[in-house]
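1. The sequence and its predicted three-dimensional model are supplied below.
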Protein chains: 2
Amino acid sequence: MVLYFVGLGLADERDITVKGLEVVKRAARVYLEAYTSILLVPKEQLEAFYERPVIVADREMVEMEADKILEGAANEDVAFLVVGDPYGATTHTDLELRALDLGIPVKTIHNASIMNAVGAAGLQLYRYGETISIVFFTETWRPDSFYDRIVANKKMGLHTLCLLDIKVKEPSLEALCRGKKIYEPPRYMSVNTAVEQLLEIEEKRGEGVCGPDARAVGVARLGADDQLIVAGTLEELRGQDFGAPLHSLILAGEMHHIELDAWERHRAAGRDA
Amino acid sequence: MVLYFVGLGLADERDITVKGLEVVKRAARVYLEAYTSILLVPKEQLEAFYERPVIVADREMVEMEADKILEGAANEDVAFLVVGDPYGATTHTDLELRALDLGIPVKTIHNASIMNAVGAAGLQLYRYGETISIVFFTETWRPDSFYDRIVANKKMGLHTLCLLDIKVKEPSLEALCRGKKIYEPPRYMSVNTAVEQLLEIEEKRGEGVCGPDARAVGVARLGADDQLIVAGTLEELRGQDFGAPLHSLILAGEMHHIELDAWERHRAAGRDA
């Protein structure tokens, strides 16, 4: 039959599309990709809404047990749920290729992802340049290659969407050393941490693209009832409380007057909070 | 109560989210924005599925009759449906601001749009630069300002999404002269026309970013059962039949090996068709 990649959208169990829900209801098995992003609700809430069991597929399972996921898919539908849109990450490419190799057709049911819903921040979507990822700095690893991309985007007057690190099911260092499967608790980078890291790199590189006065927008829990969008300089956002994950950050390029109006409006949201 | 902007997604009536459908079912009035994009099914199909009447809102209505759309929204919900994601276009900003002025809360229900679903073409979403729009050339108006943006994206190795012109409810020249309301039939730019126009501008500007050998991907009816994704050089795509609208075109920047694999796979789709 068909391997369906079904986008779940951004926030909760009711962000799935009607088409996606129909697939989930009739699929032989339902997997949930749970390592590149998260919904803002627990798995049990999805299962109650779908009235179906959901198998959490971690990175290991998708990489090592693709054939098990695809088992029987020649005769019945298999649904592979992905938070946001299925094409937001490339981690499913292997699974897709494996299915195509086996002659199993693959279909995608699209949904919103941070890549398009970030338009809600008030900066026009078509004026974004390359998207960057900011990973948690460690004592010894403080990568700053994204800085060049911010510089390039700024030179063209473009906005930069910064995707903030998510660490889910990372083996602890101790566990790695002992060969045991013990995982660190999940960590989600806050706007505040991202701002601190950007300011540190700006200090070091000094091209003036993400210093304290740089204009930005912080976004939290996009698409949820309690979503928060606050604009400000990086200095202003550094101390802004954005609450629970997930967070994203946008560095503004040149703003047209409609964008500037929206930025000022979202800046007021920070002062009111 | 609330003014809801509800994204409809890409193809048909079942691409709405469960959350969006709940809003449509309970709203006092349901409007459909019908001038920046189209669904691939007629309005009547939406109405049958929603079991609700849908009022088509053209540009004139949204610009001139915002207060009428918002009438009663202080006491009951109003749903304003937008193909794709509500933040794909900025045409609703006025309506949103008008609502906020009147103290009416505004909520957005996101959905897939070409801006993120184009990931299905196999080129990684985070490596796209500024998005460009290609408008129908006329005898006397052949704007090529997008060319500079393609050049800038190419210099950074980035892909360029080209949104192709849609002309819906354009007053005919004759009608404009006579002050009558007569409209041209709708026109949707094909990949083929876009390619012709790009080749013409390349001929004139000569920086080698969109000549016959430039690598690209054409996309038609994304998200529909009969969607078509074909990769090729612009020379190859020039003669490829993509069928009914809507079409989009991607100019490839530097491709990583996974992207190149996908491009070759989608190129084969053209030869098979």
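-> Alright, I've got the coordinates.
2. C-alpha from now on. contacts and neighbour counts both.
-> OK.
3. quick one, strands of the stretch 1-150 of chain A?
-> A:3-7, A:29-33, A:55-57, A:78-82, A:106-109, A:132-134 (DSSP state E, counting those that start in this stretch).
4. So for the fifth one, what gets flagged as buried?
-> Taking 16 or more other C-alpha atoms under 10 Å in any protein chain shown as the basis for neighbour counts, the residues of strand A:106-109 that come out buried are A:Val106, A:Thr108, A:Ile109.
5. Tell me what the first one is bridged to.
-> Meaning A:Val106. Beta-bridge partners for A:Val106, by DSSP bridges, are A:Leu3.
6. and it, what does it touch?
-> Residues in contact with A:Val106, defined by C-alpha atoms under 8 Å, 6 or more residues apart in numbering or on different chains, are A:Val2, A:Leu3, A:Tyr4, A:Phe5, A:Glu96, A:Ala99, A:Leu100.
7. do that again at 7 Å, thanks
-> A:Val106 makes contact with A:Val2, A:Leu3, A:Tyr4, A:Glu96 under the criterion C-alpha atoms under 7 Å, 6 or more residues apart in numbering or on different chains.
8. do the second one as well
-> When contacts are counted by C-alpha under 7 Å, 6+ apart, A:Thr108 touches A:Tyr4, A:Phe5, A:Val6.
9. Near chain B, which residues of chain A are found?
-> A:14-19, A:87-88, A:109-112, A:115-117, A:119-120, A:125-131, A:223 (C-alpha under 7 Å from any C-alpha of the partner chain).
10. Excluding chain neighbours, what is closest to the residue of the stretch 1-150 of chain A found nearest chain B?
-> For the stretch 1-150 of chain A, the nearest residue to chain B under the criterion C-alpha to the nearest C-alpha is A:Thr17, separated by 3.7 Å. Sequence neighbours aside, B:Thr17 is the residue nearest to A:Thr17 in space, at 3.7 Å (criterion: C-alpha to C-alpha, 6 or more residues apart in numbering or on different chains).
11. Save the strands of the stretch 1-150 of chain A as JSON lines, and put in mean pLDDT too.
-> What follows is the strands of the stretch 1-150 of chain A, written out as JSON lines (pLDDT from 0 to 100):
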{"stretch": "strand A:3-7", "mean pLDDT": "96"}
{"stretch": "strand A:29-33", "mean pLDDT": "94"}
{"stretch": "strand A:55-57", "mean pLDDT": "91"}
{"stretch": "strand A:78-82", "mean pLDDT": "95"}
{"stretch": "strand A:106-109", "mean pLDDT": "95"}
{"stretch": "strand A:132-134", "mean pLDDT": "96"}
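12. Just send these back as TSV, with distance to B:Gly253 too.
-> Listed next are those as TSV, based on distance: least, C-alpha to C-alpha, whole Å:
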stretch	distance to B:Gly253
strand A:3-7	26
strand A:29-33	29
strand A:55-57	33
strand A:78-82	27
strand A:106-109	24
strand A:132-134	17
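13. Relative to B:Gln227, which of these is closest?
-> Of all those, the one in closest proximity to B:Gln227, counting by C-alpha to C-alpha, is strand A:106-109 (10.3 Å).
14. Sketch out the low-pLDDT regions of chain A for me.
-> Along chain A, segments meeting pLDDT under 70 span A:89-91, A:170-176, A:180, A:272-273.
15. who touches the most centrally placed residue in it in this structure?
-> The centroid of chain A falls nearest to A:Ser37 when counting by C-alpha atoms, centre = their mean (5.1 Å). Residues in contact with A:Ser37, defined by C-alpha under 7 Å, 6+ apart, are A:Val83.
16. quick check, A:His266 in a helix?
-> Yes - according to DSSP: H, G, I helix; E, B strand; the rest coil, the state of A:His266 is that of a helix.
17. To what extent is the one residue in the stretch 151-273 of chain A that gets nearest to chain B buried, counted in neighbours?
-> Nearest to chain B, among the residues of the stretch 151-273 of chain A, is A:Gly223, at 6.9 Å (C-alpha to the nearest C-alpha). A count of nearby residues for A:Gly223, using other C-alpha atoms under 10 Å in any protein chain shown, gives 24.
18. which residues sit in contact with it?
-> Neighbours of A:Gly223 in contact, by C-alpha under 7 Å, 6+ apart: A:Leu10, A:Ala11, B:Ile109, B:His110.
19. Filter these down to the ones in helices?
-> Taking DSSP state H, every one of those sits outside helices.
20. Identify whichever of the strands of the stretch 1-150 of chain A lies nearest to B:Gly179.
-> Closest of those to B:Gly179 is strand A:106-109, at 45.1 Å (criterion: C-alpha to C-alpha).
21. Give the closest residue to the residue of chain A most remote from its centre in space, chain neighbours not counted.
-> Using C-alpha atoms, centre = their mean, the residue of chain A lying farthest from its centre is A:Asn75. It sits 32.9 Å away. Nearest residue to A:Asn75, sequence neighbours excluded (C-alpha to C-alpha, 6+ apart): A:Met1, at 5.1 Å.
22. Hmm, the one you found is touching A:Glu76, no?
-> Yes - look at A:Met1 against A:Glu76 with C-alpha atoms under 7 Å: they come within range, at 5.0 Å.
23. Just the element for A:Val201, please.
-> Not Val; residue A:201 is Ile. Assigned by DSSP states H and E, A:Ile201 falls within helix A:191-205.
24. which residues are contacting stretch A:9-22?
-> The contact list for stretch A:9-22 (C-alpha under 7 Å, 6+ apart) reads A:6-8, A:39-41, A:45-46, A:49, A:83-85, A:109, A:111-113, A:222-224, B:14-19.
25. now do stretch A:131-149
-> In contact with stretch A:131-149 (C-alpha under 7 Å, 6+ apart) are residues A:Glu130, A:Thr160, A:Leu161, A:Cys162, A:Leu163, A:Leu164, A:Asp165, A:Ala194, A:Ile201, B:Tyr126, B:Arg127.
26. Beta-bridge partners for the second one, please?
-> In this case it means A:Thr160. Beta-bridge partners of A:Thr160, as defined by DSSP bridges: A:Leu251.
27. who's in contact with it?
-> Contacts of A:Thr160 by C-alpha under 7 Å, 6+ apart are A:Tyr128, A:Gly129, A:Glu130, A:Thr131, A:Ile150, A:Asn153, A:Ile250, A:Leu251, A:Ala252.
28. same deal with the last one?
-> Residues touching B:Arg127, when contacts are defined by C-alpha under 7 Å, 6+ apart, comprise A:Glu130, A:Thr131, B:Leu158, B:His159.
29. mind checking how far it is from A:Thr160?
-> 12 Å (C-alpha to C-alpha, to the nearest Å).
30. Same check on A:Tyr147?
-> 11 Å.
31. do A:Glu65 as well
-> Noted for A:Glu65: a distance of 36 Å to A:Thr160, by C-alpha to C-alpha.
32. repeat for A:Leu8
-> 24 Å.
33. for the stretch 151-273 of chain A, what spans make up the strands?
-> A:160-164, A:166-167, A:187-188, A:215-220, A:228-233, A:247-251.
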